[in-house]
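Engineer: my questions are about this predicted structure, shown below with the sequence.
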Amino acid sequence: MTEQPTADPNSFAEMDLRPELLRALSGLGYEEPTPIQREAIPAILAGRDLLGQAATGTGKTAAFALPVLQRMTRNRREHDPMALILVPTRELAVQVSEAIHRYGRELGARVLPIYGGQPIVRQLRSLERGVDVVVATPGRALDHIARKTLRLDQLETVVLDEADEMLDMGFAEDIESILTETPKTRQTVLFSATLPPRIDKIARKHLRDPSRIQMGRESTGEGETPLVRQSAYIVARAHKPAALGRVLDIEAPTAALVFCRTRAEVDQLAEQLNGRGYRAEAMHGGMDQAQRDRVMGRLRSSTADLIVATDVAARGLDIDQLTHVINYDVPSDPESYIHRIGRVGRAGREGVAVTLAEPREHRMLKVIERMTRQPIVIEKVPTVSDLRARQLELTRSALHESLLEDDLDSYRVVVETLTDEFDVVQVALAAVKLAHEASGAAADEEHIPEIAARPAKDSRGSKPAVGSGRGGGSDGGTRPDSAVRGGRRGGASDPGMARLFVGAGRIAKIRPKDLVGAIANESRLSGRDIGAIEIADRFSLVEVPEDSADEVIAALRASSIKGKSVQVRRDRGGR
């Protein structure tokens, strides 16, 4: 692979973009290209394939969208699309298509997002009328290709956006199938937050002598993280909200991003934090763009301190004042951890990453340490005494700052009047007490038991398999009549999880990743939200969050798995 030649245009105009695009960018307030745009746009405009590593918030959507629109004739009349952009989730499909529509409005660009969970009839009508750019999730794109409603004969450009996330969600085979259907002469652009070997494998197979650019992790070596102080607390799930509150009080972040696994957990935790006096906002896939913009506006205007979000919802967020990233649960893989905490520690500023780990998750912290080559310090959950000491220290710091900077002469008469009757130290103590109480210091008396981390080996002396349990990525053991993902067979579902019966199994060549991909493509869940999967000869059992079970059932009934409609219902032997 060749490196991208040095090209550092200081403005969009220097890239020779057409006037319609320059006017659109100016109207949107874009003053100059970001680093990824400076390097990617000239390479793509030159017709080069591109492999780009780009962290969240670097502006990569415009980096591939602008060259696509640059090539489009104004009010293009051809029926079939000239560009196909593959994304992992329907939420991202909507975001990308909206962005391309804004950039290409003056050109009359016809942009269509296609994804699971949306009535397919509406998509069929739009495809029949003709489109210029299709933004699609892999599963739904493959459905339309099989129906011959998405024809790729005129395709000039294919973009794989968030490629690592698509592979995590089990779309590898779908992507291979789609690329096989595209013209050999196409230009291929691949963007990924991380570049594991499987991404490199796709690039070597499908990209021709690509330019390679890397953004977002220049200051660190492979597998390393930016300037981030990393720590973890071992705490039982029942005490996590209280432990998080203690940590927030001790750390006193300017702005923090708290990651949860599911939408239900995001809503619940945001409500609990607000009940404890924090200014928290929820952000997840159930919110539209206007709601997201309002949340971001509150954070940037300092009317909110915390955003509680899922991984998918947090993609694309770039928060300058962010000081802390908090993993309410341990991420299911090291790359997700690196991607999360990479949002702080930028531009030479030190950031803080805090993880709340249950005892069973301690071994995953060791895996992350090996991957990042940095220690994650196991701290003790702050006690009530620690919290009170910290709150008093914050009050002292506020008073010290006031003594240095404020004009206090107007209050002198109050002090002089009181010192006629009381000792000056007593007056000062009363003033400090009032200032401390006015600061909103929480009266937290909850006892959080100290828990020692579990050893890396189990009682039989063997190491437990990393990734087992809910959200694990590897298959567990097998037996003649079943294949299991998540290392658990039979019995009751995990608390908060519902078990679904899917009327297809090994005989229909169903594999765990087929079910993960179908659910992630057709519902709002990501692959990490899905629990244990058991595959028998004629049926499969899969665990999903209880609050999403009905949505998943409806979505799967309205779609297909490996091209076939299947029966889906709650398992009668489950919860």
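Structural biologist: Cool, the structure landed. Numbers count the residues shown, from 1 in each chain.
Engineer: and V135, which of the three is it?
Structural biologist: Secondary structure state of V135, per DSSP: H, G, I helix; E, B strand; the rest coil, is strand.
Engineer: pLDDT below threshold where in the protein?
Structural biologist: Within the chain, the ranges that satisfy pLDDT under 70 run 1-9, 55-58, 215-226, 289, 315-318, 332-333, 345-349, 439-447, 449-495, 573-575.
Engineer: look up phi and psi at the residue of it positioned farthest from its centre.
Structural biologist: The C-alpha centroid of the chain is most remote from D420, which lies 61.3 Å away (C-alpha atoms, centre = their mean). Main-chain torsions, D420, degrees, to the nearest 10: phi -70, psi -30.
Engineer: ditto for R212
Structural biologist: According to degrees, to the nearest 10, R212 has phi -130, psi 120.
Engineer: what's the burial count for it?
Structural biologist: 19 (other C-beta atoms under 10 Å). C-beta here means a position set from N, CA and C on the backbone, and glycine is covered the same way.
Engineer: related to what we said a few turns ago, against T61, how distant is the residue farthest from the centre of the chain?
Structural biologist: 68 Å (C-beta to C-beta, to the nearest Å).
Engineer: just D164 next, same as before
Structural biologist: Counting by C-beta to C-beta - D164 and T61 are separated by 16 Å.
Engineer: strands of the stretch 101-250 of the chain, start to end?
Structural biologist: 111-114, 133-136, 157-160, 187-192, 211-214, 228-234 (DSSP state E, counting those that start in this stretch).
Engineer: and the contacts of the last one?
Structural biologist: Which is strand 228-234. 243, 247, 325, 341, 344-345, 350-359, 362, 365, 372, 374-381, 451-453 (C-beta atoms under 8 Å, 6 or more residues apart in numbering).
Engineer: how about the closest residue to A232 other than its chain neighbours, secondary structure?
Structural biologist: Nearest residue to A232 in three dimensions, chain neighbours excluded: T355, at 4.2 Å (C-beta to C-beta, 6 or more residues apart in numbering). Secondary structure, three-state DSSP: T355 is strand.
Engineer: residues near T355, how many?
Structural biologist: By other C-beta under 10 Å, neighbour count at T355 equals 26.
Engineer: so who does it touch?
Structural biologist: Q230, S231, A232, Y233, I326, N327, V330, Y337, L365, I376.
Engineer: for P331, see how far away the second one is.
Structural biologist: Going back to what we said before, that points to S231. 15 Å.
Engineer: next: K564.
Structural biologist: 34 Å.
Engineer: of the two, which one has the most company?
Structural biologist: In terms of neighbours (other C-beta under 10 Å), P331 is the more surrounded of K564 and P331; the figures are 22 against 10.
Engineer: ok so the more buried one is a strand residue?
Structural biologist: No: using three-state DSSP, the assignment for P331 is coil, not a strand.
Engineer: D161: neighbour count?
Structural biologist: Count around D161 with other C-beta under 10 Å applied: 23.
Engineer: return the list of helices and strands in contact with the strand or helix carrying R569.
Structural biologist: Using DSSP states H and E, R569 maps to strand 568-570. The helices and strands touching strand 568-570, judged by 3 or more C-beta pairs under 8 Å, 6 or more residues apart in numbering; DSSP states H and E, are strand 497-502, helix 549-557.
Engineer: ok, and what's touching the first one?
Structural biologist: By C-beta under 8 Å, 6+ apart, the residues outside strand 497-502 that reach it are 470, 493, 510, 515, 531, 539-546, 549, 552-553, 556, 561, 566-575.
Engineer: repeat the analysis, applying 7 Å as the threshold.
Structural biologist: Contact with strand 497-502 is made by 493, 515, 531, 539-546, 549, 552-553, 566, 568-571, 574-575, as judged by C-beta atoms under 7 Å, 6 or more residues apart in numbering.
Engineer: buried among those? Make that a ChimeraX selection.
Structural biologist: Restricted to buried positions by 16 or more other C-beta atoms under 10 Å, the ChimeraX selection for the contacts of strand 497-502 reads:
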select :493,515,531,539,540,541,542,543,544,545,546,549,552,553,566,568,571,574
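Engineer: can I see the domain layout of this structure?
Structural biologist: Domain ranges of the chain: 2-214, 228-382, 385-438, 475-570, per automatic domain parsing.
Engineer: now do the same end-to-end measure for the third one.
Structural biologist: Right, the one you point to is domain 385-438. 20 Å (C-alpha to C-alpha, to the nearest Å).
Engineer: how far away from the center of its chain is that domain?
Structural biologist: 44 Å (C-alpha atoms, centre = their mean, to the nearest Å).
Engineer: about what we covered before: pull out the buried members of the contacts of T355.
Structural biologist: So, by 16+ other C-beta under 10 Å, the buried ones in these are Q230, A232, Y233, I326, N327, V330, Y337, L365, I376.
Engineer: partners of the first one in the sheet?
Structural biologist: Read that as Q230. Q230 has the following beta-bridge partners by DSSP bridges: A353.
Engineer: residues contacting R110?
Structural biologist: R110 neighbours (C-beta under 7 Å, 6+ apart): G130, V131, D132.
Engineer: now the helices for the stretch 1-150 of the chain?
Structural biologist: 19-27, 35-45, 60-71, 90-103, 120-129, 138-147 (DSSP state H, counting those that start in this stretch).
Engineer: among those, which is nearest A255?
Structural biologist: Comparison of these against A255 by C-beta to C-beta identifies helix 90-103 as nearest, at 21.9 Å.
Engineer: longest single helix anywhere in the chain?
Structural biologist: helix 384-405 (DSSP state H).
Engineer: any idea which helix or strand comes after that helix?
Structural biologist: Next element after helix 384-405 (DSSP H and E): helix 412-419.
Engineer: what packs against that next one?
Structural biologist: helix 424-438 (3 or more C-beta pairs under 7 Å, 6 or more residues apart in numbering; DSSP states H and E).
Engineer: buried sites along the helix it packs on?
Structural biologist: Neighbour-count burial for helix 424-438 [16+ other C-beta under 10 Å]: V427, H436.
Engineer: so A13 touches R23, yeah?
Structural biologist: No: between A13 and R23 there is no contact, the gap being 11.1 Å when judged by C-beta atoms under 7 Å.
Engineer: got a list of what the closest residue to L418 other than its chain neighbours touches?
Structural biologist: Among residues not flanking L418 along the chain, V427 sits closest, at 4.8 Å (C-beta to C-beta, 6+ apart). By C-beta under 7 Å, 6+ apart, the contact set of V427 is V415, L418, T419.
Engineer: separation between V427 and A508?
Structural biologist: Distance from V427 to A508, by C-beta to C-beta: 81 Å.
Engineer: which one of the helices and strands packed on strand 568-570 lies nearest to A136?
Structural biologist: Nearest of the helices and strands packed on strand 568-570 (C-beta to C-beta): helix 549-557, 16.5 Å.
Engineer: relative to strand 497-502, how tilted is that closest one?
Structural biologist: 20 degrees (axes from the mean of the first three to the mean of the last three C-alpha atoms, to 10 degrees).
Engineer: what is the neighbour count of the closest residue to R370 other than its chain neighbours?
Structural biologist: Counting by C-beta to C-beta, 6+ apart, P334 is the residue found nearest to R370 once chain neighbours are left out, at 8.0 Å. For P334, the count of nearby residues is 19 (other C-beta under 10 Å).
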